[in-house]
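Student: Task: produce atomic coordinates for the following.
(3 chains)
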Amino acid sequence: MAATKWTKTLSILFLSTTLAVAGCADDPAASGSSSGDTIKVGILHSLSGTMAISEVTVRDSELLAIEEVNAAGGVLGKKLEPVVEDGASDWPTFAEKAQKLINEDKVATTFGGWTSASRKAMLPVFERNKALLWYPVQYEGLESSPYIFYTGATTNQQIVPALDYLKQQGKKSVFLVGSDYVFPRTANKIIKAYAAANGMTVAGEEYTPLGTTEYSTIVNKLGQAKPDVVFNTLNGDSNVAFFKQLRSAGLTDKTMPTVSVSVAEEEVGGIGPANIAGHLVAWNYYQTTEGATNTEFVKKYKAKYGAAKVTSDPMEAGYNAVKLWAAAATKAGSTDVEAVKKAAGGISLDLPEGKVTIDGETQHVYKTARIGLIQPDGQIKEVWNSGAPVKPDPYLKGYPWAAGLAS
Amino acid sequence: MRNRIAFALIAVLLLAAPLVFSPFRLDLLAKYLCYAIVALGIALAWGRGGMLTLGQGVFFGLGGYAMGMHLKLVEAGPGQLPDFMSWSGVERLPLLWKPFADPVFALVMVVVLPVTVALLLGLLVFRQRVRGAYFAVLSQALAAAFVILLVGQQGLTGGTNGLTNFQLFFGLDLYDDADRRILYFAIVVVLGLSYLVVRQLARSRYGQLLVAIRDGEDRVRFLGYDPALVKTFAFAFSAGLAGIAGALFVPVVGLLTPANLGVVASLELLIGVAIGGRYSLAGAVGGALLFHYAKTIFSEQWPDSWLYVQGALFVAVMLWAPRGLAGLAGQLRDLVAARRRPAAPAPTVLEEARA
Amino acid sequence: MGTLNQLVIGASIGAVLLLASLGLTFTFGQMGVINMAHGEFIMAGAYTAYVLQPLVGEQAVLVALPVAFAVGGVLGLILERLFIRRFYGRPLDTLLLTWGISLILQQVARDVFGAPNVQVTAPGWLTGGIDVGVRIPYNRVFILVLAVGCVAAISLYLSKLRQGRRMRAVMQNRQLAAVSGVATGRVDQATFFIGSGLAGVAGVALTLIGPVGPTLGSGYIVDAFLVVVAGGLGQLRGAVIAAFALGVLNSFVEFWTANGASFAKVVVFAVIIAFLQFRPQGMFVLRSRALT
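Tutor: Numbering: from 1, shown residues only, chains lettered A, B, ... in the order given. This is a model prediction of the structure:
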């Protein structure tokens, strides 16, 4: 009895293994990027899980950019063919899918990632395979991988200008509220160094696990500390809960102003404009940013995805990434990674946020810093900008007060 | 005899896999095999012992972190700090990390850490006769708490990012395909050995006692045994297996993050076993392989809608093959038998397990 | 002052926990169904308020309460009729089944309403707060009242109505109830309808304080199970006391420790494990002569 049972189960195991073998064997691994008349490019964002709320629209704008590039004749006479994968808000999955895009699909480049954790997970994969990643989100700096191009802001293009603005407004004490992961912790380290050097005090520092939706205790602490301003590095869902609960505790943009670095038009819609109007944000692009290129971008995006949709900074940075890569590949005359890297430095395009230039040395881009005020209609009005695009400085080498940070 | 042949056949098949697969697919297979090692432990604790453990990821993580810490220290070189510490503002190597520079210590900890935690928890919980759904929810809470703890201690654990970027594994260069193949073979061997040990354990008198406790804990207690001890042993054993699997997972995947051991990851470890068949060790292994393979393939095929397919798969398996794929044969047999003798009662879990 | 404030905050956290776990007390407590899709029923309730918003206007949240109860209830009933019914006697399997359902429901929400969060506007009269030394937001008061109202309604149902008494009978001894002529299948349906309906109501309440998105429910599910386990399966009193105790504990630990949000969660888990050492069946136990 026992023997036959084992035989049966083992034969099932055998069956499943052969099934797996068969499935893998006919994988379309053969078709490379250079063969045929298309160039494959990878798009890797979270389409499921908690981060999908932010990343799905970045994928959408990247697909829009690819469509535009193709409509203009493609790259080197070939059409781009996007291969979309789901990072599932899970960092090891990002690494796995990145590997798949590189090895199986043989993509020429990949656009993807949102959280720092997803980038850190993908970084060794791209470095090991000498493949390219374009990362479209503002981040904590202190990184400059030879195989990543960063089209979002580094700290000196977003956080430092925001602090300059607050100082100029006469804010003396700042309370730090952030999600518990790398970006907020590093950002707050920078803010504390800045505060120490500029006569500001840090009234408190609080972190909550990602996805936290209960902020009454922190709001209570804010009410007691009475800082001049709250520097908010919360990410995703938590912002909705934070601003709803801040407002219902009677703390308004007048009594408890905040400046946020991860709240864009997209998030304002989820929070409800009424709950957040009057608060500040720091980015490099708003839907309202002036210029014909942006008007065109917003129009095309709405035409493709619906009139009610908004555009935001990370979406624009993703869109830029596609355009910048296409320009670099065209200039290089090849999609070869080393050739594209060499050609990329100095490429300058007129994009929705204005003139964007790739800094060949750090592989970041020059970006104009912008402080915005959230309007009751959910749009963001620019109240200050840096005048000219700021040179990226991921290790904050140009700032004496930041000397001890990048050790 | 026939099952020996089958075992040998599968061994040959797994050992021949590098000839068929691209290095990328081979890596994935190696990863699934790690999950299969965990599945063996779950089949013992859950299938035989009736302990629905929703926190197996914790043990997987403890083993993984023990290994990851060692690898990070080797990477950094003597006297240097792992990369994430420097960007988290840690200046001196934390005390907790120091002993992990020693490879023997790290290897021992891979097993000792998870087993100790499981022993403590098991003795506390099983002695109080917490079982069934209570135990399930409690172990799930353990996974949730462990993740929050890891994420909160960024300077010590790498926070949400976890530990990333490993290149060396006991002399193997993880950037090299040939070396990765050796790693793959090592995992196949560990899985094979684990399978034989667990099978031996399940067939022993101890294994029968474990099943007896699952089916009638109080009766066994009246016979003079201490069910808490018996269950704790099985639980700790499964934790040890999970720890070993976690330690192998780290070099294969190249990173370990809290997401690998949270509530969802723990559930997925369990679901593989449920799909394959919790009462059969081979079923559990096959189920883990099949489930994780399916997850990869579904999400590659339909990045936008793979959750539908995956969700539907669970529902279908639980509805039509509650004993898992390994139980399907038995189910068919019962069906035929029921046709012949309509009055025959359906076999119970007890009979199924006794077979 | 800070302390008093934290007490109020603790109570309001407790009320949220209670609402989220009230339904589970019955589906998990009476039927032993580990319903992982309970969180998605909460989400369905929240989206109900969102859908009603353009139709009803500002008072959508109020109108949504009964509608969400029905929506959650019907979803629960469908789940029970199609699947759960076949799983009696193997409760642990329901966990995997409902986990699959919850994945599907999340993806449905993502495809129907889009991946980003949506906004539900609270009625104007819920935006302020009262100052009595400490400030108590009206929306917190509303949630507290709602939770208390739900508990009162349920205890009335359980004690006064024939249906409710049958429910208790099945909870206490299913076999005896069955041989006494109670149609246990019918009662199970009713239980699942009510339990899931309560999840829908909780979802509407959560729109006042938190985000409305596809993963809304998954954030509450682990906490909700803990409340039920700590309170004792099927024990209304237990759930109430456990929810408020955990809420207050959470708020004080978070307040007293710097950067306490993470720490508070870990403490809560530790306390529950310790508590179950003393009372392995939770706060209140259904007395029974049965072994195992």
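
Student: what does the stretch 51-200 of chain C have sitting close to chain A?
Tutor: By the criterion of CB under 8 Å from any CB of the partner chain, the positions of the stretch 51-200 of chain C lying close to chain A are C:106-107, C:110, C:114-121, C:126-129, C:131, C:135, C:137-140. For glycine as for every other residue, the C-beta is placed from the backbone atoms N, C-alpha and C.

Student: Is chain A within reach of the longest helix anywhere in chain C?
Tutor: Taking residue count as the measure and DSSP state H as the definition, the longest helix of chain C comes out as helix C:2-31. Yes: applying CB under 8 Å from any CB, one finds helix C:2-31 in contact with chain A at C:2, C:5, C:6, C:9, C:12, C:13, C:16.

Student: Now do the helices in chain A.
Tutor: Under the criterion DSSP H, chain A contains helices at A:2-25, A:52-71, A:91-103, A:116-129, A:155-168, A:182-197, A:216-225, A:237-248, A:265-271, A:273-276, A:292-305, A:313-332, A:337-344.

Student: Contact partners for the residue nearest the centre of chain A?
Tutor: Central residue of chain A (CA atoms, centre = their mean): residue A:137, 1.9 Å from the mean position. Under the criterion of CB atoms under 8 Å, 6 or more residues apart in numbering or on different chains, the neighbours of residue A:137 are A:58, A:113, A:114, A:152, A:314, A:317.

Student: just residue C:29 next, same as before
Tutor: Remark: with contacts taken as CB under 8 Å, 6+ apart, residue C:29 is in contact with C:171, C:228, C:232, C:233, C:234, C:235.

Student: before we move on, back to that, mean pLDDT lowest where, among the helices of chain A?
Tutor: Looking at these, the lowest mean pLDDT belongs to helix A:2-25 (a mean of 45).

Student: Name the nearest residue to residue C:229, sequence neighbours excluded.
Tutor: By the measure of CB to CB, 6 or more residues apart in numbering or on different chains, the closest residue to residue C:229 outside its immediate chain neighbours is residue B:137, 4.8 Å from it.

Student: Sorry, wrong one. I was asking about residue B:315.
Tutor: Leaving out its chain neighbours, the residue that sits closest to residue B:315 by CB to CB, 6+ apart is residue C:100, at 4.5 Å.

Student: Neighbours of the residue in the stretch 51-200 of chain C that chain A sits nearest to, how many?
Tutor: In the stretch 51-200 of chain C, the residue found nearest to chain A is residue C:117; the distance is 2.8 Å by CB to the nearest CB. Burial of residue C:117, expressed as a neighbour count using other CB atoms under 10 Å in any protein chain shown, amounts to 27.

Student: can you count the residues close to the nearest residue to it once chain neighbours are set aside?
Tutor: For residue C:117, the nearest residue in space outside its immediate sequence neighbours is residue A:270; the separation is 2.8 Å by CB to CB, 6+ apart. The burial metric for residue A:270, expressed as a neighbour count using other CB under 10 Å, is 22.

Student: roughly how far apart are residue A:270 and residue A:259?
Tutor: Applying CB to CB, to the nearest Å, the value for residue A:270 to residue A:259 is 19 Å.

Student: ok so, going back, now which of the residues of helix C:2-31 next to chain A would you call buried?
Tutor: By the neighbour-count criterion of 16 or more other CB atoms under 10 Å in any protein chain shown, the residues of helix C:2-31 next to chain A include these buried positions: C:5, C:6, C:9, C:12, C:13, C:16.

Student: List just the nearest of the residues of helix C:2-31 next to chain A to chain A.
Tutor: The shortest approach to chain A among the residues of helix C:2-31 next to chain A belongs to residue C:9, at 4.3 Å (CB to the nearest CB).

Student: pretty sure the closest one is in contact with residue A:221, am I right?
Tutor: No: because the distance of 10.6 Å does not satisfy CB atoms under 8 Å, residue C:9 is recorded as not touching residue A:221.

Student: Could you point out which residue ranges in chain B have low pLDDT?
Tutor: Counting by pLDDT under 70, chain B has low-confidence residues at B:1-2, B:340-355.
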